[in-house]
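J.: need a structure here:
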Amino acid sequence: MSDTKLIFRTHALRRMFERDVRIQDIRDIIDNGEIIKNYDDDMPYPSKLILGYAGGRPLHIVAAENEQDGEIIIITVYEPDADKWDAGYRRRKKE
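T.: Sure, this is the predicted structure:
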């Protein structure tokens, strides 16, 4: 996927700026991260929640794949809250 075109939604760019996340961090996580949830019914493209690390900091990326045009759309990026996620950041804690 390293040569796949990345498309950034405005929301994702804002969050990246606020959270000091670089485009290379996103690329690395897309290429090497762990898909922890699939949203197959999302429209117009199925999306997924991807867990990865940037400089030791856990990040979640929500991305959709437009296979027809060979692009991945970055919807949002955030650092999972340890109070809301399990120790591995793979599952939400029960409330």
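
J.: Show me the helices in this protein, by range?
T.: Assigned by DSSP state H, the chain shows helices spanning 10-19, 23-32.

J.: Not counting the last one itself, show me its contacts.
T.: The set of residues that contact helix 23-32 without belonging to it, under Cβ atoms under 8 Å, 6 or more residues apart in numbering, is 1-2, 4, 6, 16, 50-55, 59, 61, 63, 72, 74, 77. Placement of C-beta: from N, CA and C, glycine included.

J.: Likewise for stretch 37-57?
T.: By Cβ under 8 Å, 6+ apart, stretch 37-57 touches 21-22, 25, 28-30, 32-36, 58-66, 73, 75, 79-80, 89-90.

J.: How far off centre is it?
T.: Relative to its chain's centre, stretch 37-57 lies at 5 Å (Cα atoms, centre = their mean, to the nearest Å).

J.: Buried residues, it. List them.
T.: For stretch 37-57, burial by neighbour count (16 or more other Cβ atoms under 10 Å) applies to 45, 47, 48, 49, 50, 51, 52, 54.

J.: what are the bridge partners for the second one, then?
T.: Beta-bridge pairing of residue 47, defined through DSSP bridges, involves residue 39, residue 64.

J.: Could you check the pLDDT of it?
T.: In this model, residue 47 is scored at 96, pLDDT.

J.: so how far is residue 20 from it?
T.: Residue 47 sits 24 Å away from residue 20, taking Cβ to Cβ, to the nearest Å as the criterion.

J.: same question, the first one
T.: Between residue 45 and residue 20 the distance is 28 Å, computed by Cβ to Cβ.

J.: Show me where this structure dips below the pLDDT cut-off.
T.: Across the chain, the ranges flagged by pLDDT under 70 are 1-3, 95.

J.: any idea which residue sits dead centre in it?
T.: residue 61 (1.2 Å; Cα atoms, centre = their mean).

J.: I'd say that residue and residue 79 touch.
T.: No. If you go by Cβ atoms under 8 Å, residue 61 and residue 79 don't touch, sitting 10.9 Å apart.
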